[in-house]
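S.K.: give me the fold of what follows.
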Amino acid sequence: METTTTEMNSSLLSTQNKSSDLKGKLIVGATQLAVYTIIAVLFVILGIIIYEGREKFSWEFISSFPTNGMTEGGIFPALIGTFIMVIVMSLAAVPFGTITAIYLTEYASESSKFAAAVRFSVRTLAVVPSIIFGLFGLGFFIQFVGTGFDTAFNGGELRWGQPNILWASLTMSFLTLPVIIVSVEEALKTIPRELREASLALGATKWQTIKNVVLPGSVSGIMTGTILAVSRGAGEVAPILFTGAAYYLATLPGSLSDQFMNLGYHIYIMATQSSDVEKTMPIQFATTLVLLILTLSLNVIAVVIRSRIRRKAK
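M.R.: Residues are numbered from 1 along each chain as shown. Model (predicted):
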């Protein structure tokens with residue numbers, strides 16, 4: 001009787017193990033299928049863009065101005081405008097976002113209502129549609145700040161109270177700010193609390209601890225997060241629709257009060273408002289390819305910087 005019971009228990013355990021193994025294999029297979037599907041979709045998209053844009057993509061295309069109603073020529077002013085916007089956006093967003101993250105991580109107490117309100121605001125900004133940022137930039141920067149500045153300092157002459165590259169860049173900085181704050185905050189949290197306490201125990205001040213211990217140890221994560229945020233901003237279009245992007249310009253921006261052409265906006269214009277959409281299809285794909293190369297280059301730079309800093313730290 002005992003032998004029969006033992007055999008039944010063994011048979012039951014064997015059945016359960018087989019069922020568990022089958023479930024495990026199904027889960028692994030499902031996850032692998034999802035990964036392969038994502039990779040396949042990515043390569044299909046890249047393949048279509050590269051194949052359709054290969055004819056137009058050249059140094060002449062990158063370095064020349066649009067011609068013949070933007071149905072021919074290149075994208076040089078859009079490329080330069082995008083670079084200027086990214087630089088100004090970075091100068092505005094990265095320092096402010098980093099300082100905010102340092103305050104939330106190092107100075108604010110866990111029970112601080114003000115810090116909780118800041119974190120709630122950051123999370124809220126992260127889910128706001130990008131077109132809302134564009135409307136905010138139009139109302140605040142152009143109609144309020146710019147018009148007020150012209151009234152106070154330019155005798156009412158219109159210069160800053162109109163769309164330009166400065167207001168577009170500042171609007172984009174608000175879009176990327178939540179990503180920068182969160183990424184920097186997470187990077188700072190990777191530094192063990194014991195290192196901070198040891199530094200303070202040796203007589204260092206709070207700021208000296210942050211400057212000499214926390215920031216050097218988390219700089220790779222900070223750089224990676226900020227560059228990825230900037231690369232995201234480089235491809236956005238909606239926030240600059242009302243704040244500075246131009247349909248066509250025969251010259252490059254001469255100052256921050258000038259409008260500018262942008263790669264993302266250029267693609268949108270070619271696809272929706274061109275005089276001959278079919279004729280401009282190669283230009284659309286080639287411009288998309290340039291924008292992809294730009295954003296991928298920023299991502300690669302982030303990875304290289306992180307790996308080099310980590311090697312130096314070892």
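S.K.: checking residue 170 next. Helix, strand or coil?
M.R.: Under DSSP: H, G, I helix; E, B strand; the rest coil, residue 170 falls in the helix class.
S.K.: what sits against it?
M.R.: 88-89, 92, 137, 141 (CB atoms under 8 Å, 6 or more residues apart in numbering). For the C-beta atoms, the positions are set from N, CA and C on the backbone; glycine is no exception.
S.K.: in helices, which of those residues appear?
M.R.: 88-89, 92 (DSSP state H).
S.K.: whichever of the contacts of residue 170 end up buried, select them in PyMOL.
M.R.: If you want just the buried ones from those in PyMOL, going by 16 or more other CB atoms under 10 Å, the selection is:
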select buried, resi 88+89+92+137+141
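S.K.: dump the contacts of residue 170 into TSV; add pLDDT and distance to residue 41 as well.
M.R.: Below are these laid out as TSV (pLDDT from 0 to 100; distance: CB to CB, whole Å):
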residue	pLDDT	distance to residue 41
88	92	34
89	91	29
92	90	34
137	93	33
141	93	37
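S.K.: and of the contacts of residue 170, the nearest to residue 165?
M.R.: Nearest to residue 165 among the contacts of residue 170 is residue 88, at 6.8 Å by CB to CB.
S.K.: surely the closest one is in contact with residue 164?
M.R.: No: using CB atoms under 8 Å, residue 88 makes no contact with residue 164, being 10.6 Å away.
S.K.: as JSON lines, the contacts of residue 170 with distance to residue 53 would be great.
M.R.: Converted to JSON lines, these look like this (distance: CB to CB, whole Å):
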{"residue": "88", "distance to residue 53": "28"}
{"residue": "89", "distance to residue 53": "26"}
{"residue": "92", "distance to residue 53": "32"}
{"residue": "137", "distance to residue 53": "31"}
{"residue": "141", "distance to residue 53": "34"}
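S.K.: what's the closest of the contacts of residue 170 to residue 28?
M.R.: So of the contacts of residue 170, ranked by how close each gets to residue 28 (CB to CB), first place is residue 89, at 42.1 Å.
S.K.: what about that closest one, distance to residue 292?
M.R.: 19 Å (CB to CB, to the nearest Å).
S.K.: how about the strands in the stretch 1-150 of the chain?
M.R.: In the stretch 1-150 of the chain, the strands defined using DSSP state E, counting those that start in this stretch lie at 66-67, 72-73.
S.K.: and the first one, average pLDDT?
M.R.: Same thing as strand 66-67. Here strand 66-67 scores 86 as its mean pLDDT.
S.K.: now do it: everything it contacts.
M.R.: So strand 66-67 is contacted by 72-75, 77, 248 (CB under 8 Å, 6+ apart).
S.K.: for these, pick the one with the most neighbours.
M.R.: Per-residue neighbour counts (other CB atoms under 10 Å) across the contacts of strand 66-67 peak at residue 75, which has 27 neighbours.
S.K.: how about the contacts made by the nearest residue in space to that one that is not next to it in sequence?
M.R.: Nearest residue to residue 75, sequence neighbours excluded (CB to CB, 6 or more residues apart in numbering): residue 287, at 5.4 Å. Each residue near residue 287 by CB under 8 Å, 6+ apart is listed here: 53, 75, 78, 263, 266-267, 270.
S.K.: which two of those have the greatest separation?
M.R.: Of all pairs in the contacts of residue 287, the most separated under CB to CB is 53 and 78 at 14.6 Å.
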